[in-house]
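What follows is a predicted structure for the sequence shown.
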Amino acid sequence: MLMHADATDIARRIVPPLVTAFVLFLVVLRYGLRHPAPAGPSPAAVSWAVFARYLAVTVMSGYGVMLLIVLVFHVVLAQESGALRSAAVGGAFLAFGVAVPVFVLSEAVDRRRRARTDRR
């Protein structure tokens, strides 16, 4: 049996995150067009400790923001009480089980490639 959501349910669950994402996209796009990145030399290689600190801050911040988005849009607005637990577990897997290893592998490959080109 196919169930149809009423207009208020759609307005409460779908419209706020959709409008928010679109507005954020437009803000970032406008900023990017008005402030182009300066062209310059590529950054120098940093130590593994500096990279690990940068990666930890980036992943933890992204995970925290993702949980905040789920809290606001799914738990508060859509009243889905189990969404936060699901997002915490699934997000932790994606952040720490997928993203961190991919970025560490990418950094290792990049360092090896740079070492080969520096020897030439």
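Great, that's in hand.

Would you mark the buried spots in the one helix or strand Leu33 maps to?
Take DSSP states H and E as the rule and Leu33 turns out to sit in helix 15-34. Using 16 or more other C-beta atoms under 10 Å as the test for burial, helix 15-34 gives Pro17. (C-beta placed from N, C-alpha, C; glycine too.)

helices or strands next to it in the packing?
Here helix 15-34 touches no other helix or strand, going by 3 or more C-beta pairs under 8 Å, 6 or more residues apart in numbering; DSSP states H and E.

who touches the helix or strand containing Asp118?
Assigned by DSSP H and E, Asp118 belongs to helix 100-119. With contact meaning C-beta atoms under 8 Å, 6 or more residues apart in numbering, helix 100-119 is reached by Ala45, Phe51, Leu55, Val59.

helix or strand right after the helix or strand where the last one lies?
Looking back up the chat, that one is Val59. Assigning secondary structure by DSSP H and E places Val59 in helix 48-70. Toward the C-terminus, helix 48-70 is succeeded by helix 83-92 as the next helix or strand (DSSP H and E).

elements contacting that following helix?
By 3+ C-beta pairs under 8 Å, 6+ apart, helix 83-92 packs against helix 48-70.

And the helix it packs on, how far out from the chain middle?
9 Å (C-alpha atoms, centre = their mean, to the nearest Å).
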